[in-house]
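Q: This is a predicted model, with the sequence first.
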Amino acid sequence: MDVFELGAIGELVGGLAVVGSLIYVGIQVRQNNRNLEANSEAVMASTEIAGGEQVLRAQIPVAQTPELAQVLLEGAADYEALTSVDKVRYSAFWTAALISHQGYFLHHDRGYISEISWDSYSRQFDIGVQRPGFGQWWERSRNLFHPMFQDYIEAKRSPSRPEGSPRPD
């Protein structure tokens, strides 16, 4: 064998090594993509579970405390008619509830929350935000929240949205 034949064999072996390396990299990329998809699904599930737990944490005090339930009922009808102390309680409830809801809203906007979970979660706020007392409170408090979330709440409060029409996302 002369030098030219050895060079040709070396080129063939080198070419096969490059092809083998590309196949290996392709397999690694595919596995990495599968791992990323699995991690994304786990994050989504975790976010949805956390959102459900936040709803429960907000609802338990209302269910266990008749006075708070009464404040929320009266405030829903007319926030301005509440006493100063009851305004603080009403405001604390809605601020906490909407901060939680805003987080869930932003996670949904980024695609971390499924449409099914988002629809169920967001419907829980429909009745409350459409009440006159909430509107009075909202006008004073809306600037506590992200502008995109403010637009979302305004769309929920809008009477122009026909019943059964899609929820604003």
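A: Received, thanks. The structure displayed is predicted, hence computed values, not measured ones.

Q: where does this protein have low pLDDT?
A: Applying pLDDT under 70 to the chain picks out residues 44-45, 47-52, 54-56, 159-169.

Q: Quick one: the helices in it, in order.
A: When secondary structure is read from DSSP state H, the chain shows helices at 3-64, 66-77, 84-109, 115-123, 126-129, 132-141, 147-157.

Q: Let me have the ones you listed in TSV, extended by mean neighbour count.
A: The way it works is simple: take the backbone N, C-alpha and C, and place the C-beta from them, glycine included. Below are the helices of the chain laid out as TSV (neighbours: other CB atoms under 10 Å):
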stretch	mean neighbour count
helix 3-64	11
helix 66-77	16
helix 84-109	17
helix 115-123	15
helix 126-129	15
helix 132-141	17
helix 147-157	15
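
Q: which one is residue 82 nearest to, not counting chain neighbours?
A: Nearest non-adjacent residue to residue 82, counting by CB to CB, 6 or more residues apart in numbering: residue 75, 5.3 Å away.

Q: so that neighbour sits right up against residue 135, yeah?
A: No: Residue 75 is not in contact with residue 135 according to CB atoms under 8 Å; the separation is 11.1 Å.

Q: So for those two, which residues contact both of them?
A: In terms of CB atoms under 8 Å, 6 or more residues apart in numbering, residue 75 and residue 135 are not both contacted by any residue.

Q: How far does stretch 121-133 stretch from one end to the other?
A: 22 Å (CA to CA, to the nearest Å).
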